[in-house]
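Enquirer: Dropping the sequence and predicted coords here.
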Amino acid sequence: MTWSDEELVTRSIGGDADSFNQLVLRWERPIYALAYRVIGREEDARDVCQETFLRAFRALNGFRGQAKFSSWLYRIALNLCRDWVRRERRTPIVQASEEIDLMEMVAVREPSASIEDLVARKELTRIVERAMARLPEEQRTAIILKEYHELTFQEIADLVGDPIGEVARPRPADDGERGAFFLGPGRIGELDNDLTRQHAGEPQGQRIIVTGRLLDGDGRPVRNSLVEIWQANTGGRYRHALDRWPSPLDPNFDGVGRTLTDHDGRYEFTTIKPGAYPWKNHDNAWRPAHIHFSVFGSAFTQRLVTQMYFPDDPLFSQDPIFNSIPDEKARQRMVSRFDLSRTVEQWALGFEFDIVLRGRDASVFDDEEEDDE
């Protein structure tokens, strides 16, 4: 017979030591994984995990069942992690060792996977850990609890002590990380896909409407999928700390947007056509005008990034990123198509840009480790 957590707690309070041992066996791996992801150091995570169960055992008589036992346990672990960060006075650095597969650790049961699947998952783990390490503590904790431990927003809000709206609200990274939002379908604002209406004033530059379809390898629409964009302003400058070339920032333009694909797999953004900008790849180097696209699946780890260029750009011939694609047809799939039918009279020009996830006509996706603005 399988006892619920609450039944095991009741039996433990009644003096059944084995019942608490069952709770430890059931929750030891998730609690260790939580501590490791927050702290980033194996030895300290083990200490936090052990101390979590010690404190839980000592306080078991005070558990009243007003919240789930797992939520109560997570709260103890999170408080211990916060104490560790304050005591050590340093930012956690998450560096997964070669021997640890944290995604596997969190999963209680998992179907057998091929060697190829395991290798791909291990590489994905490393990529995700590097991205997670750059996030503020509150965002990193919320993502860990939501994506890896499958807590609801309400449960996370109760644990971290924030209103549910604050937990669900996306925030761009404050270090200028490009496209760093890690969103989910429930967090799309009314103006998130209109980059020209996100401030009290209007941004400078040529308004454009960018639309297209997200398709799988067989040409079928990918519905209800998160699409993000980020871009420079009309002067070719990004709004982040690392972009300091002498072009003015636009106070009415952030350069980031997001939306969900509809039933036909279609997305649409209203934005400003970005400008070209200099970079130091070679002498007098300029990047052609482009918009970054990030496509998410049902979890934030399912992410592909590509770039959209504009037709007939004179800078194509000297752009190493564009010309690093050896297949001419593939390069042309990175270039949007001017679409007069999408143009709104006296308002905005229209451009069409489809994204194909796989197959012979797949879009060209970035290696995020080598991605340059």
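Expert: Good, I have the coordinates.
Enquirer: Show me which residues of stretch 55-75 are buried.
Expert: 56, 60, 63, 69, 70, 71, 72, 73, 74, 75 (16 or more other C-beta atoms under 10 Å). No exception for glycine: its C-beta is placed from N, CA and C like everyone else's.
Enquirer: Touching that stretch from outside, list them.
Expert: Outside stretch 55-75, the residues within contact range by C-beta atoms under 8 Å, 6 or more residues apart in numbering are 5-6, 8-9, 12-13, 20, 23, 27, 30-31, 34, 52, 76, 80, 145, 149, 151, 155, 158-159.
Enquirer: What's the PyMOL line that selects buried ones from the residues you listed?
Expert: Remark: buried members of these, expressed as a PyMOL selection using 16+ other C-beta under 10 Å:
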select buried, resi 5+8+9+12+20+23+27+30+31+34+52+76+80+145+149+151+155+158+159
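Enquirer: circling back to that earlier point, with secondary structure and distance to residue 194 added, can I get the buried residues of stretch 55-75 in JSON lines?
Expert: Output for the buried residues of stretch 55-75, formatted as JSON lines (DSSP: H, G, I helix; E, B strand; the rest coil; distance: C-beta to C-beta, whole Å):
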{"residue": "56", "secondary structure": "helix", "distance to residue 194": "48"}
{"residue": "60", "secondary structure": "helix", "distance to residue 194": "52"}
{"residue": "63", "secondary structure": "coil", "distance to residue 194": "48"}
{"residue": "69", "secondary structure": "helix", "distance to residue 194": "45"}
{"residue": "70", "secondary structure": "helix", "distance to residue 194": "40"}
{"residue": "71", "secondary structure": "helix", "distance to residue 194": "38"}
{"residue": "72", "secondary structure": "helix", "distance to residue 194": "43"}
{"residue": "73", "secondary structure": "helix", "distance to residue 194": "43"}
{"residue": "74", "secondary structure": "helix", "distance to residue 194": "38"}
{"residue": "75", "secondary structure": "helix", "distance to residue 194": "39"}
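Enquirer: For these, give me a markdown table that also has distance to residue 320 and pLDDT.
Expert: Shown next, in a markdown table, are these (distance: C-beta to C-beta, whole Å; pLDDT from 0 to 100):
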| residue | distance to residue 320 | pLDDT |
| --- | --- | --- |
| 56 | 56 | 91 |
| 60 | 62 | 89 |
| 63 | 60 | 85 |
| 69 | 55 | 88 |
| 70 | 50 | 87 |
| 71 | 51 | 86 |
| 72 | 54 | 88 |
| 73 | 51 | 90 |
| 74 | 47 | 89 |
| 75 | 50 | 87 |
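Enquirer: re earlier: tell me which of the contacts of stretch 55-75 fall in helices.
Expert: Using DSSP state H, 5-6, 8-9, 12-13, 20, 23, 27, 30-31, 34, 52, 76, 80, 155, 158-159 are the members of those that sit in helices.
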